[in-house]
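>>> structure, please.
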Amino acid sequence: METSVPIAGMHCQSCVGKITAALQRLAGIEAIEVSLEPPVARVRSSSPVSRAEIETAVRSAGDYRVAPTPEASSSASSPDESERGSFYPLVLIVAYIAGTAALTAWASGSFTLATLMNAFMGGFFLVFSFFKLLDVRGFATSYRTYDLVAAAWPTWGYIYPFVELVLGAAYVTSVLPWLTNSVTLALMLVGAVGVLRALLNKRRIRCACLGTVLKLPLTQVTLAEDVVMALMAATMLILPHSTA
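The predicted structure follows:
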C-alpha cells in the first residue's frame with residue numbers, strides 16, 4: 001500500500017534525512033521517498049499505515065508536521081474570492097494601525113510625515129510581534145520555509161518575534177532612531193529577498209507575518225509589506241528625526 005502526505009517545516013536535505021529515518025521506524029515499511037520540491041513524503045508498506053501514525057513519526061523527527069491536504073475542488077469560492085477573504089484580517093489590522101498612527105500624530109500636535117511613519121512602524125511591529133508570540137514554534141517552522149536567514153539558521157525564527165517587539169518599543173519611545181531604522185531597513189530587505197525568491201519559484205506556502213493564528217498565503221502582498229516598510233525606514237534615515 002502507498003500513502004502520500006505533504007510535510008510542513010522542511011527546508012534542507014538534513015530535514016529530509018531526519019523524516020526518512022523517523023518513518024523507517026514504522027512497522028511494515030517497504031520503501032520511503034521524501035522530497036523537498038514538493039515537500040511530500042511517500043510511504044509504501046506491506047500493511048496499512050494510518051495518517052496519524054505517519055504524523056506521529058514526522059513530529060518525532062523535529063519541528064515538522066503533516067500539512068493539510070489541499071482540497072481545491074471542495075470550495076465553492078473562486079481562487080480570487082478565497083484570496084481576498086484570507087487577506088481581509090491583514091487589511092483590517094493595517095488599517096487600525098494606520099488610523100492609530102494618524103490619531104497619535106494629531107494628538108501630539110506634530111502631524112508630519114516623520115511622526116506618522118514613526119507611529120505606524122511602532123504599531124506595526126508591536127501588533128505583528130504579538131501574533132507571532134502566540135505560537136513562536138509554529139511561526140519559526142513556517143518562517144524558515146522562505147526566509148533566507150531562518151532557512152540557514154533555524155533559531156532565527158524563534159528570535160525574530162522578540163526583535164520585532166524591541167523595534168516596536170524603540171519606535172514608540174523614539175529611542176536610538178538611527179539604529180532602529182537601520183536594523184529595520186536591513187531586516188525588511190532580507191525578508192523581501194526571501195519572499196521574492198519563493199514567489200519566483202512559484203512555491204505555494206503560508207505567510208508567517210501574522211504567525212499561525214491567521215492563515216495567509218505568501219503572495220505579492222507579503223513582498224509589498226516588506227518593501228514598504230524598508231522604504232519607510234530608509235526615508236526615516238534621510239528625514240530629520242523629530243519627536244516633537
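>>> tell me the buried residues in the lowest-mean-pLDDT helix or strand in the chain?
Least confident helix or strand of the chain, by mean pLDDT, DSSP states H and E, is helix 79-108 with a mean of 78. Buried residues in helix 79-108, counted by 16 or more other CB atoms under 10 Å: Ser86, Phe87, Leu90, Ile93, Val94, Ile97, Ala101, Thr104, Ala105. To be clear about C-beta, it is placed using only N, CA and C from the backbone, and glycine gets the same treatment.
>>> what packs against it?
Judged by 3 or more CB pairs under 8 Å, 6 or more residues apart in numbering; DSSP states H and E, the packing partners of helix 79-108 are helix 113-133, strand 216-217.
>>> still on that earlier bit, could you dump the buried residues of helix 79-108 to JSON lines with distance to Thr115?
Listed next are these as JSON lines, based on distance: CB to CB, whole Å:
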{"residue": "Ser86", "distance to Thr115": "32"}
{"residue": "Phe87", "distance to Thr115": "28"}
{"residue": "Leu90", "distance to Thr115": "24"}
{"residue": "Ile93", "distance to Thr115": "21"}
{"residue": "Val94", "distance to Thr115": "18"}
{"residue": "Ile97", "distance to Thr115": "14"}
{"residue": "Ala101", "distance to Thr115": "8"}
{"residue": "Thr104", "distance to Thr115": "8"}
{"residue": "Ala105", "distance to Thr115": "4"}
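>>> count of residues packed around Gln24?
Neighbour count of Gln24, defined by other CB atoms under 10 Å: 12.
>>> just Ser50 next, same as before
Per other CB under 10 Å, the neighbour tally for Ser50 reads 10.
>>> what's stretch 170-189 in contact with?
Defining contact as CB atoms under 8 Å, 6 or more residues apart in numbering, one finds that stretch 170-189 is touched by 118-119, 121-123, 125-126, 163, 167, 169, 226-227, 229-230, 233-234, 236-237, 241, 243.
>>> quick one, phi/psi of the residue positioned nearest the centre of the chain?
A centroid search over the chain (CA atoms, centre = their mean) returns Ala208, at 1.8 Å, as the residue closest to the centre. Torsion angles at Ala208 (phi, psi; degrees, to the nearest 10) stand at phi -100, psi 10.
>>> next one: the one 4 residues further on
Note on Thr212: its backbone torsions stand at phi -110, psi 0 [degrees, to the nearest 10].
>>> circling back to that earlier point, give me whichever of the helices and strands packed on helix 79-108 is most buried.
Among the helices and strands packed on helix 79-108, helix 113-133 has the highest mean neighbour count (mean count of other CB atoms under 10 Å), at a mean of 21.
>>> which residues are contacting that one?
Helix 113-133 is contacted by residues 93-94, 97-98, 100-102, 104-105, 108, 139, 160-162, 164-165, 167-172, 174, 177, 184, 208-211, 213-214, 229, 232-233, 235-236, 239-242 when judged by CB under 8 Å, 6+ apart.
>>> mind checking the pLDDT average for it?
Helix 113-133 comes out with an average pLDDT of 94.
>>> what angle do that helix and helix 79-108 make?
Calculated by axes from the mean of the first three to the mean of the last three CA atoms, to 10 degrees, helix 113-133 forms an angle of 130 degrees with helix 79-108.
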